[in-house]
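Participant: got a predicted structure plus its sequence, pasted below:
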Amino acid sequence: METAIGAQECTNLKLRQLTRMVTRHYDHYIARSGLKNTQYALLSYVVRLGPIRPSDLAKRMQMDASTLTRNMQPLVTQGWLNIGVGQDARSRLVEATEAGHAKRAEGRRAWQEAQTALNEQLGTKRVAALHELLDSCIECLENNPESTTGSSTDPRDSTDRNEHSGPRQQH
């Protein structure tokens, strides 16, 4: 039986509140590796999927190309990512450098600590139920032709919904 949502309850607000709290939690741990959450997520995607065209990476991460380019620059400057020539002179490929792989591994350890602490704080059953609910909601929104999510990833592709929005890892 479904529970009616009151007219004053805003799903967007509740999700944003939870997202901010969870982001602060992960920020606290991941900062120990010298990375920001966004940098760790980006580095994780590139390590897992690279070499990859920036346009394909943006689609997988569900972000626009200009945001991706802006987010990649600090990682390139640090020597963790390399943007090289693709199959032709106009295309580019992004890949993690050796230093990038090492930094991602360092970030992964910090991420694992954050994940473990969150699981302990919320309880693993609640976290599993939350993941199931979120995955179900993502699938509903992605399969809705009227949705404005702009996602091009398959909701059944589990590589996009775990490890801090990065590719799926075994836990």
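Facilitator: Good, I have the coordinates.

Participant: now for the lengthiest helix in the chain, which elements pack on it?
Facilitator: With residue count as the measure and DSSP state H as the assignment, the chain has helix 98-122 as its longest helix. Applying 3 or more C-beta pairs under 8 Å, 6 or more residues apart in numbering; DSSP states H and E, one finds that helix 98-122 makes contact with helix 11-30, helix 37-49, helix 124-142. (C-beta placed from N, C-alpha, C; glycine too.)

Participant: pipe the ones you listed into CSV and attach mean pLDDT, distance to residue 57 and mean neighbour count per row.
Facilitator: Supplementary listing: the helices and strands packed on helix 98-122 in CSV, determined by pLDDT from 0 to 100; distance: least, C-beta to C-beta, whole Å; neighbours: other C-beta atoms under 10 Å:
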stretch, mean pLDDT, distance to residue 57, mean neighbour count
helix 11-30, 95, 20, 13
helix 37-49, 96, 6, 23
helix 124-142, 94, 18, 13
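
Participant: on that earlier part again, just the buried residues of the longest helix of the chain, please?
Facilitator: When neighbours are counted by 16 or more other C-beta atoms under 10 Å, the buried residues of helix 98-122 are found to be 100, 103, 104, 106, 107, 108, 110, 111, 113, 114, 115, 118.

Participant: can you tell me the average pLDDT over that helix?
Facilitator: Predicted confidence along helix 98-122 averages 97 (mean pLDDT).
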